[in-house]
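Q: My questions concern the predicted model and sequence given below.
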Amino acid sequence: MIRAVVLDIAECVVNCEREYRQWANWLGVPAHTFAAAVGVALSRGLEEHDALGLLIPGTDLAAARARRAAEDDLERFTEQDLYPDVRPTLVTLCAAGVWTGIAGNQTAKSLGILRSLDLPCDLIATSEQWGVAKPDPGFFERLVECAPFQPDEIIYVGDRLDNDIHPAATVGLHTALIRRGPWNLVQQILDGDEPTMHIDSLSELPDLIATFNARSRLNLEDRLGS
């Protein structure tokens, strides 16, 4: 039985398009050029911020991020930056009695922003708060400690196979891979354990979980009756 749903933050709850546009403006390059650089970086197994090194060869990535943070508001998102299916899905899940959470690789500042949006969920947490970041399994072990359920009663929803789906599964969680964001496009070809569910929108979760739980009940009844 799935009794808890926990959502990743970037590209699951928060649409990062505005952040990418802000980086492009700060660097003085067209938005599509920065987006292409991000795609190249991800295809090489790097992270989004490594796109800076492709656009400005030899740049000190840490120094560039620190400089932008001093010159611009590096972490800034509002209700308008949430994917439109986030709040309605959380409301539906809560009404169905499902425990809900949001947790991902973000800073303490992002934690404060998310909490200020008054989202209807039981947990909001970030890697900086917990002192451990994905894909370290310790992140998901910490998640299990915070949720009032066993690992196999929790489903983690994310857009990345390497950072979300695979490490969550190693801790015993169910997983749902959401098809959105640049990482999801790049990682279509990776091998590994299949997620419990594939979804195109968070709005699919309530019905899919209800179906999953109904089948689980039938399986249990069959075992008890045999």
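A: Yes, it's here. Numbers count the residues shown, from 1 in each chain.

Q: So which elements touch the lowest-mean-pLDDT helix or strand in the chain?
A: Lowest by mean pLDDT, DSSP states H and E among the helices and strands of the chain is helix 61-71, with a mean of 74. With contacts defined as 3 or more C-beta pairs under 8 Å, 6 or more residues apart in numbering; DSSP states H and E, helix 61-71 has these neighbours: helix 17-27, helix 51-55. Where you see a C-beta, it was placed from the backbone N, CA and C, and this is true even at glycine.

Q: JSON lines for those, including mean pLDDT?
A: As requested, the helices and strands packed on helix 61-71 are arranged in JSON lines below (pLDDT from 0 to 100):
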{"stretch": "helix 17-27", "mean pLDDT": "85"}
{"stretch": "helix 51-55", "mean pLDDT": "85"}
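
Q: and among these, the most buried is which?
A: Mean neighbours per residue, mean count of other C-beta atoms under 10 Å, is largest over those for helix 51-55, with a mean of 20.

Q: what does that one contact?
A: With contact meaning C-beta atoms under 8 Å, 6 or more residues apart in numbering, helix 51-55 is reached by 23, 27, 29, 33-34, 37-38, 40-41, 59, 61, 64-65.

Q: Of those, keep whichever come out buried.
A: Among the contacts of helix 51-55, those classed as buried by 16 or more other C-beta atoms under 10 Å are 23, 27, 29, 34, 37, 38, 41, 64.

Q: so which strand or helix has the fifth one?
A: Residue 37 belongs to helix 31-43 when assigned by DSSP states H and E.

Q: Now do that helix and helix 17-27, the angle between them.
A: Here the directions of helix 31-43 and helix 17-27 differ by 110 degrees (axes from the mean of the first three to the mean of the last three C-alpha atoms, to 10 degrees).

Q: Counting by contacts, list what helix 31-43 packs against.
A: helix 17-27, helix 51-55, helix 182-186.

Q: From the chain's centre, how far out is the first one? Work that out for me.
A: Translated: helix 17-27. On the basis of C-alpha atoms, centre = their mean, to the nearest Å, helix 17-27 is displaced by 20 Å from the centre of the chain it belongs to.

Q: what's the angle between it and helix 61-71?
A: 100 degrees.

Q: Does anything pack onto helix 17-27? Which helices or strands?
A: helix 31-43, helix 51-55, helix 61-71.
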